[in-house]
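Trainee: I need the structure of the sequence given here:
(one chain, ligands or ions: 2)
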Amino acid sequence: MRIGLFGGSFNPIHDGHRLVVEETLRRLELDALWVLVTPGNPLKSHKELAPLADRVIAARHLLDDPRVKVTGFEAAHGFTYSWQTVRFLTQAMPDRRFVWIMGADNLVDFQRWERWRDIAAMVPMAVYVRPGSSRRAPVSMAASYLARWRVDEDDAPRLASLRAPAWVYLHGRQSTLSSSAIRAGRQQVKPK
Ligand SMILES: Nc1ncnc2c1ncn2[C@@H]1O[C@H](COP(=O)(O)OP(=O)(O)OP(=O)(O)O)[C@@H](O)[C@H]1O
Ligand SMILES: O=C(O)c1ccc[n+]([C@@H]2O[C@H](COP(=O)([O-])O)[C@@H](O)[C@H]2O)c1
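Mentor: Ligands and ions are numbered 1, 2, ... in the order given. This next block holds a predicted model:
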């Protein structure tokens with residue numbers, strides 16, 4: 001069983017997230033994708049953060065696919081950092097093949113994440129291209145550190161079965177949507 005783990009603030013969820021979900025399910029040949037709605041990104045202000053339950057409900061509504069499961073379980077476990085989530089899931093379910101999924105902007109910042117090298121060593125990762133970060137991501141500090149474990153895009157279907165570290169940078173359909181622009185009233189959850 002190959003399962004994508006797509007963590008996010010989803011404040012609010014938008015069509016850019018749906019695009020990443022659809023593309024990674026297809027390109028990584030995943031059986032399931034778990035959307036992990038975070039109690040709060042440790043690197044972001046939580047001042048404008050909507051309640052977890054509201055973000056979970058909205059994500060379930062927009063991502064209406066039987067393969068997609070939306071959960072806020074990190075809050076119930078008291079997890080703040082993604083390494084805690086990844087360690088917990090890989091230890092609790094050693095027979096599942098997990099892949100951590102994130103947009104290219106998060107690879108640019110990845111070296112600021114708590115124990116980011118440990119995350120990369122625990123789980124294969126798929127980075128999805130995003131406007132504004134597509135060129136910076138592959139030359140970021142984390143990408144340079146992880147360069148020798150980068151897998152060709154054509155091998156994306158194999159990623160889940162590879163031993164970590166292993167990662168792929170996926171190019172494809174792109175969305176300019178962002179939650180912050182939606183909160184500021186400059187964009188809509190779904191483009192017109
Ligand atoms: N348009 C997009 N294209 C590709 N990846 C995206 C896009 N929007 C968000 N993501 C990715 O989805 C995950 C969750 O993102 P998040 O909930 O922070 O949304 P966001 O639009 O980046 O929010 P904000 O604008 O508040 O930073 C992250 O890994 C992020 O990189
Ligand atoms: O563990 C960390 O240090 C860490 C730092 C930044 C972001 N994250 C996680 O990355 C995911 C994407 O966050 P965001 O806000 O960009 O949607 C979400 O699951 C966050 O909890 C995790």
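
Trainee: Return the residues of this structure in contact with ligand 1.
Mentor: 8-11, 16-17, 20, 102-103, 105-106, 128, 130, 175, 177-180 (CB under 6 Å from any ligand atom). Using the backbone N, CA and C atoms, a C-beta is placed for each residue, glycine as well.

Trainee: Tell me where the model's unsure across the protein.
Mentor: Under the criterion pLDDT under 70, no range of the chain is flagged.

Trainee: Show me what from it comes close to ligand 2.
Mentor: Residues of the chain lying near ligand 2 (CB under 6 Å from any ligand atom): 7-9, 36, 38, 41-44, 81-83, 106, 113-114.

Trainee: From these, list just the buried residues.
Mentor: Gly7, Gly8, Ser9, Leu36, Thr38, Asn41, Tyr81, Ser82, Trp83, Asn106, Trp113 (16 or more other CB atoms under 10 Å).

Trainee: Farthest-apart pair in those residues, please.
Mentor: Spatially, the most separated pair among these is Ser9 and Trp83, at 17.4 Å (CB to CB).

Trainee: coming back round to it: show me the buried ones among the residues of the chain next to ligand 2 that map onto strands.
Mentor: Gly7, Gly8, Leu36 (DSSP state E).

Trainee: remind me, longest helix of this protein?
Mentor: Counting by DSSP state H, the longest helix found in the chain is helix 15-27.

Trainee: Not counting that helix itself, show me its contacts.
Mentor: Contacts with helix 15-27, where a contact means CB atoms under 8 Å, 6 or more residues apart in numbering, come from 4, 6, 8, 10, 30, 33, 35, 59, 62-63, 65, 67-68, 99, 101, 103, 126, 128, 130, 153, 156-157, 170, 172-178, 189-191.

Trainee: If any of those residues are buried, give me the ChimeraX selection for them.
Mentor: This is how ChimeraX selects the buried members of the contacts of helix 15-27, with burial counted by 16+ other CB under 10 Å:
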select :4,6,8,10,30,33,35,59,62,63,68,99,101,103,126,128,130,156,170,174,175,177,178,189
